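Trainee: Give me a 3D structure for the following:
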Amino acid sequence: MLSSLLPWRQANLPADQAIALVVPNDERPCGLGVDAEMLLLVLPDSLAPLLPDLGASTFFDYNRDSDDLLSRQTLMALTTTSTWVEVDAWAISFCPSVEVGRFYVGLVAGGRFVLALHDYGSEDMDVFLGGLQGACGSSGPNYRPWRYWSEEELEAAARGERPPATSCWTEPSRRVLCHAVRVS
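Mentor: Residues are numbered from 1 along each chain as shown. Presented below is the predicted three-dimensional model:
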């Protein structure tokens, strides 16, 4: 499966896009000792030097509004100081085990593979999943723009006059969005 995804990603996706897929329990490598799905990210070759840093990163979940303010998506990002690898939380059915409190993320780029263990412990996993659920509660099909923006702000955004977004974190110089794929 992986051998067919690598050339497909390179031939069909721009350099700022990647593939995300969930590896179900019955298809993940034996001996990992985690009763939960594994998330596999097939990244652009240029990210190969960043794989160790991305593997050591914990997921940062946040919401991003569209330019016209009519939609909002929840993203889970693995981050370095300059690059964020983002997965749309609504597009992928990734379900870490709360009971076990840990999961694996496989990162593939440029002929390299890093398998990262994310060991949260059950309380930290509750915090992670609670934050993700909270973010999803105001995005995707749950997003109602008129709850957050005035009519004047929505009209200005429709005309392309939206002021630059402000955030409480430093924006990365590069974002790589992972598209969810289902393998059957």
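Trainee: contacts and neighbour counts: CA atoms only from here.
Mentor: Noted.
Trainee: what sits against residue 63?
Mentor: Applying Cα atoms under 8 Å, 6 or more residues apart in numbering to residue 63 gives the contacts 72-75, 135, 139.
Trainee: what residue ranges in the chain score low on pLDDT?
Mentor: Flagging of the chain using pLDDT under 70 yields the residue ranges 1-5, 24-37, 95-100, 163-166, 182-184.
Trainee: so where do the helices sit in it?
Mentor: 2-12, 51-56, 121-136, 151-158 (DSSP state H).
Trainee: so where do the strands sit in this protein?
Mentor: 17-23, 38-42, 60-65, 72-79, 83-88, 102-109, 112-119, 174-180 (DSSP state E).
Trainee: Can you lay out those strands as JSON lines showing distance to residue 157?
Mentor: Formatted as JSON lines, the strands of the chain follow (distance: least, Cα to Cα, whole Å):
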{"stretch": "strand 17-23", "distance to residue 157": "26"}
{"stretch": "strand 38-42", "distance to residue 157": "33"}
{"stretch": "strand 60-65", "distance to residue 157": "11"}
{"stretch": "strand 72-79", "distance to residue 157": "14"}
{"stretch": "strand 83-88", "distance to residue 157": "23"}
{"stretch": "strand 102-109", "distance to residue 157": "37"}
{"stretch": "strand 112-119", "distance to residue 157": "39"}
{"stretch": "strand 174-180", "distance to residue 157": "23"}
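Trainee: that older thread, residue 161: which of the contacts of residue 63 is nearest?
Mentor: Taking Cα to Cα as the measure, residue 161 lies nearest residue 72 of these, at 17.9 Å.
Trainee: measure the closest one to residue 141 for me?
Mentor: As judged by Cα to Cα, to the nearest Å, residue 72 and residue 141 stand 9 Å apart.
Trainee: mind listing what residue 70 touches?
Mentor: 144-145, 154.
Trainee: Great, nothing more from me.
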